[in-house]
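> Sequence first, predicted model second:
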Amino acid sequence: MSTTRRKQPKWDSPSTASSGLHLYNTLTREKNAFAPEDGNTVKWYICGPTVYDASHMGHARSYISFDIVRRVMTDYFGYRLFHVMNITDIDDKIILRARRNHLFNLYTGKNLPKDELMKDLATAMAPFEAKAAKEEEPAKKEMYTNVLSKIASLKAVAESSDSTAEDLSALLEGAKDPISEWQDALHGAEVTDNDIFSKLSAFWEADYMEDMDALKVLPPDCLTRVSEYVPEIVEYVEKIIANGYGYESQGSVYFDVKAFDANPLHDYAKCVPEAANDLGLLAEGEGALSSGGVKKSPQDFALWKASKPGEPSWASPWGKGRPGWHIECSAMASDVIPGKLDVHCGGMDLMFPHHDNEIAQAEAYYGCRQWVNYFLHAGHLEIEGRKMSKSLKNFITIKEALSRHSARQLRLMFLSHSWGGKLDYSENTMTVAIHTEKVFNEFFLNVKSEMRQHTRESKFGTAERTLHDKIVEAETNVHNSLCDNIDTPQALKDMKKLVSDVNAYLLDDTRTPSPALLGKAARYVFDRHAQYMPTRS
């Protein structure tokens, strides 16, 4: 594969008529007129969560943002959406977390004497401290420093002469990561019960669904779990091999990127062509438990991973193993929505290699040039100006966020930012959201009170004609904003401008306000408000 900088591949525009809606499409890096392949029906696939831990505000960034886009497309533009989402319940992160949790619980359940625990802790800390010493990335180095400092403080308390059993338990919990990693290195290969892995993913899937319900995010029309699609994934891999784009190596199967890229019909890395040769990102996409098979090229990625001892496995023509991460979405989406997708969406962090590999697999499977027409990516989320990262232990769970602010206030924060842009979750942005909520609440109460007091229409004068023109202007402006990549920040400004115009109209106490006009303005704001701010999921 060439090492020269790649260009954005050609995009084929759907031939059907557009409703006027334009969406920012990662495949073109510009706004394209939106038109589904099949009349008014939109075939939509979104990457769901990998369920191994609590959902955080990074997840909310993606799922609330696309819930807003989904509701506007259905409730405002009138599209019929078939919304499919997956649950990744087979993944290296799940395997490691489940295995380490299991081994940590076995270890702490031994109730070893304090002296023995302290010796074990020293043994467990050695590789952890060595890893911390080698870390050069500032954010990760800071994370390690904080963890080590916390463990040192807990250890000092536990070693004191007047320490309690609770102090020792706190130390064990604080040092869970190094102890779990140490136990995994010793005994990870002995964990053979698949239920250990499936119970963890089932628990966090239920927790995720609870969070989405609390955030008023609509459920998908179809939910797919990787564990339920292993036979279909195996068949998908077999066809990719038959088409000349996959090969077996030491029980694993890899996608042949060079063979795919050599075909004039295909282009690899359509979302981020400049990252096609980024071996660091490619390796990260392979997961922490990569099978280590011999590959034709460093760019090749796993379609099927041979499982090692301590890893869940399923039967396949290539031996016991499990699906690679990228193939899971391609196979499940293709099974539920055969052929082309109108919309595929997910977080910006998935663009490369995950989404680019998904596209390559599906186009290799179908022998087509374009599997997805519109690829939408939600923007990054920061916390008080800093990158949010679970690996850096710098994240806020959805439950923590909901303990501070209501789902309505959080959604208003998201509405105040472009769905594809950067969002800083901070006290300042939440203050703005709370103020916006107050503006709308007071508007509805004010109009309701005025309409109760004034039930009879008076002469339709200059003030009424002016207000009517303002309502029409707001309707036009909001429509234009929504057509422009579902620009909710501008649409909110347009609606707040109408609220201000109505309030100014009501300040004139020399005349009786028109209940019909007040009702028209309030209904319009309420209807748009209801599309963005659902009271239930």
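Structure's in. What do you need?

> quick one: contacts for the closest residue to E384 other than its chain neighbours?
Excluding the flanking residues, the one nearest E384 by C-beta to C-beta, 6 or more residues apart in numbering is S426, at 4.7 Å. Every C-beta, even on glycine, is put in place using the N, C-alpha and C of the backbone. By C-beta atoms under 8 Å, 6 or more residues apart in numbering, the contact list for S426 reads 383-385.

> can those residues go into JSON lines with extra columns for pLDDT, neighbour count and secondary structure?
Formatted as JSON lines, the contacts of S426 follow (pLDDT from 0 to 100; neighbours: other C-beta atoms under 10 Å; DSSP: H, G, I helix; E, B strand; the rest coil):
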{"residue": "I383", "pLDDT": "92", "neighbour count": "17", "secondary structure": "strand"}
{"residue": "E384", "pLDDT": "87", "neighbour count": "12", "secondary structure": "coil"}
{"residue": "G385", "pLDDT": "86", "neighbour count": "9", "secondary structure": "coil"}
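
> Show me what secondary structure element comes after the helix or strand bottoming out on mean pLDDT in the chain.
Using mean pLDDT, DSSP states H and E, the weakest-scoring helix or strand in the chain turns out to be strand 386-387, at a mean of 81. Reading on from strand 386-387 to the C-terminus, the next helix or strand found by DSSP states H and E is helix 398-404.

> Show me the contact partners of the helix or strand following that next one.
Using DSSP H and E, the helix or strand that follows helix 398-404 towards the C-terminus is helix 407-415. Defining contact as C-beta under 8 Å, 6+ apart, one finds that helix 407-415 is touched by 60-61, 64-65, 68, 214-216, 401-402, 423, 425, 429-430, 432-434, 436-437, 488-489, 492, 532-533.

> Mark which of the residues you listed are buried, thanks.
Buried members of the contacts of helix 407-415, scored by 16 or more other C-beta atoms under 10 Å, are 60-61, 64-65, 68, 214-216, 401-402, 423, 425, 429-430, 433-434, 436-437, 488, 492, 532-533.

> So which of the residues you listed sit within helices?
Members of those lying in helices (criterion: DSSP state H): 60-61, 64-65, 68, 214, 401-402, 429-430, 433-434, 436-437, 488, 492, 532.

> what does the one helix or strand D195 maps to rub up against?
Using DSSP H and E, D195 maps to helix 194-214. For helix 194-214, contacts defined as C-beta under 8 Å, 6+ apart pick out 49, 51-55, 59-60, 63, 87, 89-90, 94-95, 97-99, 101-102, 219, 225, 227, 312, 398-399, 402, 407, 537.

> quick one: which of those residues sit in strands?
Mapping these onto strands (DSSP state E) picks out 87, 225.

> from the contacts of helix 194-214, which would you call buried?
49, 51-55, 59-60, 63, 87, 89-90, 94-95, 97-99, 101-102, 225, 227, 312, 398, 402, 407.

> how about stretch 6-24 as CSV, C-alpha atoms only?
Extracted C-alpha coordinates of stretch 6-24, given in CSV (Å, rounded to 0.1, in the frame of the first residue of the first chain):
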residue,chain,number,x,y,z
ARG,A,6,-4.4,9.5,0.4
LYS,A,7,-7.3,11.6,-0.9
GLN,A,8,-10.9,11.4,0.1
PRO,A,9,-12.5,8.8,-2.2
LYS,A,10,-15.3,9.6,-4.6
TRP,A,11,-18.8,9.5,-3.1
ASP,A,12,-21.8,8.4,-5.1
SER,A,13,-24.8,10.7,-4.3
PRO,A,14,-28.2,9.0,-4.1
SER,A,15,-30.3,9.7,-7.1
THR,A,16,-33.6,10.2,-5.2
ALA,A,17,-35.0,13.6,-4.4
SER,A,18,-34.0,15.4,-1.2
SER,A,19,-36.3,17.0,1.3
GLY,A,20,-34.1,20.0,1.7
LEU,A,21,-32.2,18.5,4.6
HIS,A,22,-28.4,18.5,4.3
LEU,A,23,-26.1,16.5,6.6
TYR,A,24,-22.4,16.7,7.3
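
> Work out the gap between it and the centre of the chain.
From the chain centre to the centre of stretch 6-24 is a distance of 23 Å (C-alpha atoms, centre = their mean, to the nearest Å).

> contacting residues around it?
By C-beta under 8 Å, 6+ apart, the residues outside stretch 6-24 that reach it are 25, 27-37, 39, 73, 77-79, 267, 269-270, 273-274, 276, 369-370, 373-374, 376, 420, 482-486.

> From these, which land in helices?
By the criterion of DSSP H, membership of the contacts of stretch 6-24 in helices covers 482-483.

> Just the buried subset of the contacts of stretch 6-24, written out for ChimeraX, thanks.
Command for ChimeraX that selects the buried part of those, burial taken from 16+ other C-beta under 10 Å:
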select :25,27,28,32,33,34,35,36,73,77,79,267,269,270,273,276,370,373,374,376,420,482,483,484,485,486
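
> Mind checking which of the contacts of stretch 6-24 land in strands?
Using DSSP E, the contacts of stretch 6-24 in strands are 25, 30-33, 373-374, 376.

> what's the spacing between the residue nearest to E384 and R404?
Applying C-beta to C-beta, to the nearest Å, the value for S426 to R404 is 12 Å.

> again, but for K296
51 Å.

> Now do the SS call for the closest residue in space to V272 that isn't next to it in sequence.
With sequence-adjacent residues excluded and distances taken as C-beta to C-beta, 6+ apart, V272 is closest to F352, at 3.9 Å. Per DSSP: H, G, I helix; E, B strand; the rest coil, the secondary structure class of F352 is helix.

> Okay, now the unreliable bits of the stretch 51-200 of the chain?
Within the stretch 51-200 of the chain, no range satisfies pLDDT under 70.

> now the chain
1-5, 291-292, 390-393, 534-537.

> now with 80?
The chain contains residues with pLDDT under 80 at 1-6, 16-18, 291-293, 387-394, 529-537.

> Within its local environment, how many residues does Q453 see?
Counted with other C-beta atoms under 10 Å, residues neighbouring Q453 total 10.

> scratch that, V499
V499, neighbours per other C-beta under 10 Å, totals 20.

> S449 now?
11.

> same check, this time on the one 10 residues further on
Look at K459: counted by other C-beta under 10 Å, it has 9 neighbours.

> Against T512, how distant is it?
9 Å.

> same thing with N373?
According to C-beta to C-beta, N373 stands 53 Å off from T512.

> Excluding covalently adjacent residues, which one is nearest to A474?
L498 (3.9 Å).

> ok so the one you found is a strand residue?
No. Assessed with three-state DSSP, L498 is helix; it does not lie in a strand.

> Is it in contact with A522, as I believe?
No. Using C-beta atoms under 8 Å as the test, L498 is too far from A522 to be in contact (9.8 Å).

> In the stretch 251-400 of the chain, what residue spans correspond to helices?
257-262, 279-286, 325-336, 356-366, 398-404 (DSSP state H, counting those that start in this stretch).

> between these, which one is nearest to E137?
Nearest to E137 among the helices of the stretch 251-400 of the chain is helix 279-286; the distance by C-beta to C-beta comes to 11.9 Å.

> which of the residues in the closest one are buried?
281-282, 285-286.

> quick one: N32 and V343 touch, right?
No. Using C-beta under 8 Å, N32 is not in contact with V343, being 11.6 Å away.

> Mutual contacts of those two, please.
Y374.

> Please list all residues in contact with the closest residue to T455 other than its chain neighbours.
Once flanking residues are discounted, T455 sits nearest to P515: 6.0 Å by C-beta to C-beta, 6+ apart. The contact partners of P515, by C-beta under 8 Å, 6+ apart, come to 450-451, 454-457.
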